[in-house]
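Undergrad: Dropping a prediction and its sequence here:
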Amino acid sequence: MLRTLAFAPFSMLLASCGLQPLYPGGGSASVAQGLSAVAVSPMPGRAGWLMRNALEERLSVAGSAAPQYRLDVRLDDSLEALGVLNDDTISRERRILRARYQLIDTVSGEILLDATSGADAGIDVVSSEYATIAAEQTALENLAEEVADRIVTQVSLTLRERAQSE
């Protein structure tokens, strides 16, 4: 009883914080239906292939609907040397993946969202070239997943705002 009284003020604060579920109603929610109606444009290169797969996996939350929106994504993938040893060899790299994306209504042609997102990862360069290349590829795979999560979150928020304004 005493514990319940101690947490009562916190529960009132939590209830008034304004948090709302993004998918009220699960897969039948307007946001989930909107996400399933997003077609992802093709992107060149390995980074593009990874990003497109990650996005399509996340956007198919409610099955597949007829495309009402198009998501255009341009990627910038780069590696830069961070640590240089006395003998001019690189000991550390940073892989950077940046995405500029637009959500477009295919019926009206209106750009609903124009944003950027990105992430980076540090990579140790070791004496084995194979291990370094494997680490670079793993970093790219992880970055594609992370950036895809951020893009889908922003697209979800945009679709929720659009559904609430209609």
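TA: Perfect, thanks for sending it. Residues are numbered from 1 along each chain as shown.

Undergrad: quick one: low-confidence ranges for the chain?
TA: Along the chain, segments meeting pLDDT under 70 span 1-32, 61-65.

Undergrad: So which residues of it form strands?
TA: 38-40, 69-84, 90-105, 111-124 (DSSP state E).

Undergrad: Comparing these, which comes out most buried?
TA: Ranked by mean neighbour count under mean count of other Cβ atoms under 10 Å, those are led by strand 38-40, which reaches a mean of 21. To be clear about C-beta, it is placed using only N, CA and C from the backbone, and glycine gets the same treatment.

Undergrad: which residues make contact with that one from outside it?
TA: Strand 38-40 has contacts (Cβ atoms under 8 Å, 6 or more residues apart in numbering) with 52, 55-56, 59, 67-71, 73, 103, 106, 155.

Undergrad: Swap in 6 Å and give it another go.
TA: Strand 38-40 is contacted from outside by 52, 55-56, 59, 67, 69-71, using Cβ atoms under 6 Å, 6 or more residues apart in numbering.

Undergrad: ditto for stretch 74-83
TA: Defining contact as Cβ under 6 Å, 6+ apart, one finds that stretch 74-83 is touched by 47-48, 90-100.

Undergrad: roughly how far is that stretch from the heart of the chain?
TA: Distance of stretch 74-83 from its chain centroid, counting by Cα atoms, centre = their mean, to the nearest Å, is 18 Å.

Undergrad: just stretch 103-123 next, same as before
TA: So, by Cα atoms, centre = their mean, the centroid of stretch 103-123 is 10 Å from its chain's centroid.

Undergrad: Which helix runs longest in this protein?
TA: Counting by DSSP state H, the longest helix found in the chain is helix 129-165.
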